[in-house]
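In: what follows is a protein structure lacking sequence information:
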């Protein structure tokens, strides 16, 4: 699974891992691959994520019977977030900041009552 939560010194953060080598993927060099040979009855194709062109080639070589299409990871993510899911990033950040502030206030109130 390429989309993971990775433990960093500041805590868990979202990350993307290469399906071939397991290394971290950057938005600048990452690629998304999918088979264009998916039967119409499935109506969707699973994706593979590669950290660079070499890993994309290696992933495609695992499935010689399939033809793959490629898309830059950053293009895939922007299209997914903004178009397909219609996520408003600013609204999400505001909601998360409010939830964090409420939690902090709750913790401070609990401490004051102790």
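Out: Noted; the coordinates are in hand. This one's a predicted model, so the numbers in the text were calculated from it and none came from an experiment.
In: contact partners of the longest helix seen in the chain?
Out: Determined from DSSP state H, the single longest helix within the chain is helix 89-113. For helix 89-113, the external contacting residues (C-beta atoms under 8 Å, 6 or more residues apart in numbering) are residue 81. Where you see a C-beta, it was placed from the backbone N, CA and C, and this is true even at glycine.
In: out of the helices and strands in this structure, which is least certain?
Out: Lowest mean confidence among the helices and strands of the chain (mean pLDDT, DSSP states H and E): helix 89-113, at a mean of 80.
In: how about the secondary structure of the closest residue to residue 55 other than its chain neighbours?
Out: Using C-beta to C-beta, 6 or more residues apart in numbering and skipping the chain neighbours, the partner closest in space to residue 55 is residue 20 (4.0 Å). Recorded secondary structure, residue 20: coil (DSSP: H, G, I helix; E, B strand; the rest coil).
In: neighbours of residue 20, how many?
Out: The local packing of residue 20 (other C-beta atoms under 10 Å) involves 22 other residues.
In: and the pLDDT for it?
Out: Reported pLDDT at residue 20 in the predicted model: 96.
In: OK, contacts around it?
Out: If a contact means C-beta under 8 Å, 6+ apart, then residue 20 has 50, 51, 55, 56, 58, 59 as its contacts.
In: hmm, back to that, what comes up buried for the least confident helix or strand of the chain?
Out: Neighbour counts over helix 89-113 (16 or more other C-beta atoms under 10 Å) mark no residue as buried.
In: so where's this structure shaky on pLDDT?
Out: For the chain, the stretches with pLDDT under 70 are 1, 107, 109-110.
In: next, name the residue at the spatial heart of it.
Out: Central residue of the chain (C-alpha atoms, centre = their mean): residue 3, 4.6 Å from the mean position.
In: any figure for the gap between the closest residue to it other than its chain neighbours and residue 31?
Out: Leaving out its chain neighbours, the residue that sits closest to residue 3 by C-beta to C-beta, 6+ apart is residue 16, at 5.9 Å. Going from residue 16 to residue 31 by C-beta to C-beta, to the nearest Å gives 11 Å.
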